[in-house]
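Asker: need a 3D model of the following:
(chains A and B)
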Amino acid sequence: MEGKSVLNVDGLSIAYELKTGTVRAVDNVSMSIEPNELVAVVGESGCGKTTLGLSIIGLLPSPPAKYVSGEVNFNGKNLLSLAPDEMRLYRGTEIAMIFQEPMTSLNPVFKIGNQIREAIKLRDSRGKGGATSGRDTLGSSSRNGANDKKKQIIDVLNLVRIPDPERVADRYPFELSGGMRQRVMIGMALAQKPSLLIADEPTTALDVTTQAQVLKLMRGLMEEVDTSILLITHDLAVASQVADKIAVMYAGQIVEEAEVLDLFSHPLHPYTQGLLACIPSGSKEGMKLKPIQGSTPDLRNIPAACKFAPRCPCVMKRCVATKPELTVKEGSHRVACYLYQ
Amino acid sequence: MLATSTNEKQTLLQIEELAVYFDVGGSFSVPLLTKRATYVRAVDGVNIDVGVGETVAVVGESGCGKSTLARAVLGLIESKRGSVRIRDQDKATFKHSKDRFKIIQMVFQDPDSSLDPSMKVKDTVSEPLVGLSSMSKDDREKKAAEVLNAVGLDNKFLDRLPRQLSGGQKQRVNIARAIVTEPSLVILDEPTSALDASVQAQILNLLLELQSKFNLSYLIITHNISVAEYLSDRTYVMYAGKIVEYGPTNAVIKDPRHPYTIALITSAPIPDPKERNLLKVEIVGEVPSVVNPPPGCRFHPRCPYAEQKCSDQEPLLEPLGPSRFAACHFIEKTAGKAEKKFA
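Answerer: This next block holds a predicted model:
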């Protein structure tokens, strides 16, 4: 089972070395993603979820970021041991990433079609089959030239269900709506037929009706294109709708990880329970929200033992003395809390 | 709480046929040739009323005009037509704008940019009193401390600067500044959308607490259905500058009838993996441009029930039930379409 994982992060720690001190943004994180699985990393701002995503694809600015320990095994290869040139062969082709703000991810001065062409060119230069029918025509593509390229661009736009793809290919990013831009980004990412797509808050900047469409598209394409998705989000509700497995992060650590149904029917960690109790549902007459006390911690100044202890309603003596590790509670449900150890 | 007694309640704010257009004109180079004015019809004939002690939510997606509406009510932007009546007095007849601000205050969306980075918390919170009251400096600071306590910030925050505050604390300061003049109505523009989930819940509870303590009315502008559901008595759904449906919040959310309301509510992710409503949504397309809105019903290009009539003729708000209205030509087709999700 383990050997088949697309991604296997093992004991990864990442620190930012800043003038004001060292920030442990990712702290001993271990997780895995199986083929065709959508794993959501959920946490509030500053919990290290984006750093985790960027570290997997090798996009962390270093300095200030520093890999302290751990491994990122992608299809059995430790990405952290690769030279930058070798890593480049993985980035964008084997592992793709899309970001929160699709406007800033697209180049404003090139037409959509040109930007997609670049992605296709990269794919072909690395001898990879495409996510679309481009794969079948790969052998003849060099001879058929422009027409064939154009068809491949249209194929990419069709893949992400963009209406009127010929016209959209001829547009600039500013002429498209937010939802369209994010579709283009997803199309470009999946054109490479990556084994893993990292999506960092892909729908946070979008309206709810657009968000629903984009999430539905991503979930559908995962099977169609045969890839795995690491979804980074602050929204437990979004994760509950699309994820197979959820890892809840708090202050750099995964505090709980479980299959989605399991996590929502039996949330174990007090932080997860707190997050669930924070989501307004029903009216004020129904029941009052039970907010988590305090606010998300400043990572420069963090408790050495359990990081959630200062906000935890069930805090015990042990919690402020030593750090609870992520351990298996039942089946694949893991939790880092002394209540269960 | 006032949802059932609509007839008897005292109206605090009455918005009638309010329209706000932004002139986006022709190009600079040929202004004389393109004399035809082009407008963004951000708010286009909206009627809303808010009763004393009532919470009214305006729900919609970005670009629907909900924030513009809020600003127009306060008089921060000019309206093209329509009227805003505050306690039965037309907004335009107030002698000074500060007389309006004594009654209506606003909390803005971004807690960060709505605070002056160089002003101490106590100065920020007491500043509205400078113009709106005749208090001495000491009294103003005392009042600021009092209100800050009411929003859950103790005296050690008085001398802090915004950069020393967390997002949730900043929003508490914003709320304190809004209620320091003891207004009757507070307009809340996306009060929690910039906050983390755990902090959002704190602020929502605080708003409820303050409402009963100071007998406030709220007009909440939000894109988040669950925030509207949690806080409000009545909900108005806005689409492309128009109100498409309104009524008691429970009724609107549990049994939405306008096709757009249905789409909006079924698209909102619910935290329950057993009910994957999100993967079943059928809505297509995106919010239209309000420069050139679709003719007839503005939702018709995205509507699964649309027929020819919808592009020919604009539907008006028609009564649906007790104090419930929706603007749709084929409202009978949507009965029970969204029941499953909340059953």
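Asker: the longest helix seen in chain A packs against which elements?
Answerer: Using DSSP state H, we find that the single longest helix of chain A is helix A:208-225. On a contact count with 3 or more CB pairs under 8 Å, 6 or more residues apart in numbering or on different chains; DSSP states H and E, helix A:208-225 meets helix A:146-159, helix A:178-191, strand A:196-200, strand A:228-233, helix A:236-242, helix B:259-267. The C-beta positions use only the backbone N, C-alpha and C, and glycine is treated the same way.
Asker: reformat the ones you listed as JSON lines; add distance to B:Gly241, mean neighbour count and mean pLDDT.
Answerer: Formatted as JSON lines, these follow (distance: least, CB to CB, whole Å; neighbours: other CB atoms under 10 Å in any protein chain shown; pLDDT from 0 to 100):
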{"stretch": "helix A:146-159", "distance to B:Gly241": "31", "mean neighbour count": "19", "mean pLDDT": "87"}
{"stretch": "helix A:178-191", "distance to B:Gly241": "19", "mean neighbour count": "25", "mean pLDDT": "89"}
{"stretch": "strand A:196-200", "distance to B:Gly241": "33", "mean neighbour count": "24", "mean pLDDT": "94"}
{"stretch": "strand A:228-233", "distance to B:Gly241": "31", "mean neighbour count": "25", "mean pLDDT": "95"}
{"stretch": "helix A:236-242", "distance to B:Gly241": "28", "mean neighbour count": "24", "mean pLDDT": "93"}
{"stretch": "helix B:259-267", "distance to B:Gly241": "13", "mean neighbour count": "26", "mean pLDDT": "91"}
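Asker: figure out which of the ones you listed is closest to A:Tyr67.
Answerer: A:Tyr67 sits nearest to strand A:196-200 of all those, at 17.2 Å, using CB to CB.
Asker: chain center to the closest one: distance?
Answerer: 4 Å (CA atoms, centre = their mean, to the nearest Å).
Asker: if I look at B:Val121, how far off is chain A?
Answerer: 16 Å (CB to the nearest CB, to the nearest Å).
Asker: please tell me I have it right and that residue contacts B:Leu148.
Answerer: Yes - checked against CB atoms under 8 Å, the pair B:Val121 and B:Leu148 is within contact range at 7.0 Å.
Asker: quick check: buried residues in stretch B:201-213?
Answerer: For stretch B:201-213, the neighbour count (16 or more other CB atoms under 10 Å in any protein chain shown) marks B:201-208, B:210-211 as buried.
Asker: export it as PDB, just CAs?
Answerer: Output of stretch B:201-213 as PDB, limited to C-alpha atoms (Å, rounded to 0.1, in the frame of the first residue of the first chain):
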ATOM      1  CA  ALA B 201     -17.500  32.800  15.300                       C
ATOM      2  CA  GLN B 202     -16.300  35.100  18.100                       C
ATOM      3  CA  ILE B 203     -17.300  38.200  16.100                       C
ATOM      4  CA  LEU B 204     -20.700  36.800  15.100                       C
ATOM      5  CA  ASN B 205     -21.500  36.000  18.800                       C
ATOM      6  CA  LEU B 206     -20.300  39.500  19.800                       C
ATOM      7  CA  LEU B 207     -22.600  41.100  17.300                       C
ATOM      8  CA  LEU B 208     -25.600  39.300  18.700                       C
ATOM      9  CA  GLU B 209     -24.500  40.200  22.200                       C
ATOM     10  CA  LEU B 210     -24.200  43.900  21.300                       C
ATOM     11  CA  GLN B 211     -27.500  43.900  19.600                       C
ATOM     12  CA  SER B 212     -29.400  42.900  22.700                       C
ATOM     13  CA  LYS B 213     -27.300  45.100  24.900                       C
END
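Asker: who touches that stretch?
Answerer: A:277-280, A:284, A:288-292, B:53, B:55, B:150-152, B:168, B:171-172, B:175, B:179, B:188, B:191-192, B:195, B:216, B:218, B:227, B:230-231 (CB atoms under 8 Å, 6 or more residues apart in numbering or on different chains).
Asker: do stretch A:84-98 as well
Answerer: By CB under 8 Å, 6+ apart, stretch A:84-98 touches A:53-54, A:56-59, A:74-75, A:79, A:82, A:105, A:119, A:122-123, A:126, A:128, A:182, A:185-186, A:189-190, A:192, A:194-200, A:202.
Asker: packing partners of the helix or strand in which B:Lys122 is found?
Answerer: Here B:Lys122 sits within helix B:121-132, counting by DSSP states H and E. Here helix B:121-132 touches helix B:97-103, helix B:137-150, helix B:167-179, going by 3+ CB pairs under 8 Å, 6+ apart.
Asker: now the residue nearest to B:Pro269 when sequence neighbours are not counted: how far from A:Gly220?
Answerer: Once flanking residues are discounted, B:Pro269 sits nearest to A:Ala237: 3.9 Å by CB to CB, 6 or more residues apart in numbering or on different chains. Distance of A:Ala237 to A:Gly220, computed by CB to CB, to the nearest Å: 19 Å.
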